[in-house]
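# Structure for the following, please:
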Amino acid sequence: MNPFGLAARNVFRNGRRTSLNAIAIGVGVAIMFICLGWVQGYRTYIYRAVISYQTGAAQLLRRGYEAQAPRLPLDLTIPGYQALRERILRLPGVLGASGRIDFAARIASPRGSVRMLGQGIDAPAEAGVTVLSRKIVRGSYLDGSPGILLGAGMARKLGVAPGSVIFVYATDRYGVVNSIALVLRGVFSFGYGAMDDSLAYVDLASAQELLGLGDEVTRIVLAGPRTQEVEDSARAFAASLAAPGAAAGTVAGTVAGTVAGAAAGAAAGAAPSPEGKPYPSVEAYGWRQFAQATVSGVRADTGSFYVIAVILFALIIAGILNSMSMSVHERHRELATLRALGLRQRGVRRLILYESTWLAALGVAGGFLVAAPIAAWLGLKGVDISAYMPRDFPIPFGEIYHADYRAWHALLSAALGIGASLAGSL
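From the prediction side, this is the model:
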């Protein structure tokens, strides 16, 4: 008789033993698969939140700005923003580019004043880079006209509502304290206190007027579906601006929308710069540069999750090993009879391994059958965690958490289930 068929008959002949072993394998596979997707979702979710809330996929800054960033320097700006943005949007993988100006501000209302981090934003462009435009809870987003946006908590503290006039004070690039009166257009809420209570968004034109800047920004934030491609394009573009001959003159577009075209355009005098001076050195940074603490925290957390998952699965494997071992010992007489009938020891081993393969197949199939609806619910519907996250949690977690399942999660879970079954038989 076919040994594989004989093994199948032995497996299905003893329903109780088969059920217990298959259930043990299936539970292990299901738990491992669900845990892997949950941990992957944690990493994906936080990284995506950081990118979409603030950092974008990559950023362009003047060389040396990061070293001086704590003082929010206004003497290290990127000139010719509008023309530069048109060229950036032609880069491979880049779907959005928004200029920003970071500055220290004092926001005043009749109730009092507070010091905050001000950000001048190119509002229409920012809507395609971050989620700010979708986080307005009262009033409206900036529509291109002068205005300011405040977080919900700060609006309550200052006693203002959409339509109120707010005074913004800031020191310009020449050391002069200027002020400007702006209408509060909207109130936003990220659900993340570190941003809601410390950021004020001002339309770019008003920020440039307040700070004595022309068509300049302190950073340009880039967005695109593939962060690595955006980062690579940004680095190539920054290098092209530093190419010999990249000076003032005309504002030529990027040739054929490629990085090579950007370099060619720069070499032909495409970089915009006032008064014919060489274009200042610009550096490109990936989003991780601005979220190092978050990335380190996520790596530590996911490492801990994986350790817990491995320990849990090890306990399950111990149960599987014990169950498989006992099932073989219980059949001592049966196996001895097969040996007496002439079945070689190699044949006995092969028969037991075939039976283990059948058990593993049943267990893996059952495990995925149980895990599939749970994984689908966690991946598609997600879990509302807004009520459980403290406002001072150091990561913009958002509201709905989704698990993220990959093909290798299923392959690894199945391999571990099959490996545990075969190990038990051996």
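
# Helices along this structure, start to end?
3-13, 15-50, 65-68, 81-88, 123-126, 152-158, 193-196, 204-211, 227-241, 259-267, 292-329, 332-340, 345-376, 407-425 (DSSP state H).

# What is the second one packed up against?
Same thing as helix 15-50. helix 292-329, helix 345-376, strand 400-401, helix 407-425 (3 or more CB pairs under 8 Å, 6 or more residues apart in numbering; DSSP states H and E). Every C-beta, even on glycine, is put in place using the N, C-alpha and C of the backbone.

# so who does S281 touch?
R62, R63, L241, A242 (CB atoms under 8 Å, 6 or more residues apart in numbering).

# my bad, should have said A155
Going by CB under 8 Å, 6+ apart, A155 touches R138, A161, L184, V187.

# And the residues you listed, which of them are buried?
Those of the contacts of A155 that meet the buried threshold are L184, V187, by 16 or more other CB atoms under 10 Å.

# Looking at the contacts of A155, which one is closest to P92?
V187 (37.4 Å; CB to CB).

# Mind checking the helices and strands packed on helix 15-50 for the one nearest to A67?
Comparing the helices and strands packed on helix 15-50 by CB to CB, helix 292-329 comes nearest, at 14.9 Å.

# Which elements pack onto the closest one?
Contact here means 3+ CB pairs under 8 Å, 6+ apart; on that basis helix 292-329 packs against helix 15-50, helix 345-376, helix 407-425.

# now the angle from that helix to helix 407-425?
30 degrees (axes from the mean of the first three to the mean of the last three CA atoms, to 10 degrees).

# separation between H329 and R9?
H329 sits 20 Å away from R9, going by CB to CB, to the nearest Å.

# Then D384?
From D384 across to R9, the span is 50 Å (CB to CB).

# Now do the same contact list for L359.
Counting by CB under 8 Å, 6+ apart, L359 makes contact with V11, T18, N21, A22, I25, M324, S421.

# again but with S98, I slipped
G56, I121, D122, A125, E126, G128, V129, T130, I220, V221, A223.

# Quick check: of those, which lies closest to I180?
Checking these against I180 with CB to CB, the nearest one is I121 at 15.2 Å.

# how about low-confidence regions in the stretch 201-350 of the chain?
Where the stretch 201-350 of the chain drops to pLDDT under 70, the residues are 243-278, 323-324, 327-328, 330-331, 338.

# one more time with 50
Residue ranges of the stretch 201-350 of the chain with pLDDT under 50: 247-275.

# Quickly list what A223 is bridged to.
Taking DSSP bridges as the rule, A223 bridges to G96.

# Check Q59 too.
Per DSSP bridges, the residues bridged to Q59 are V221, Y285.
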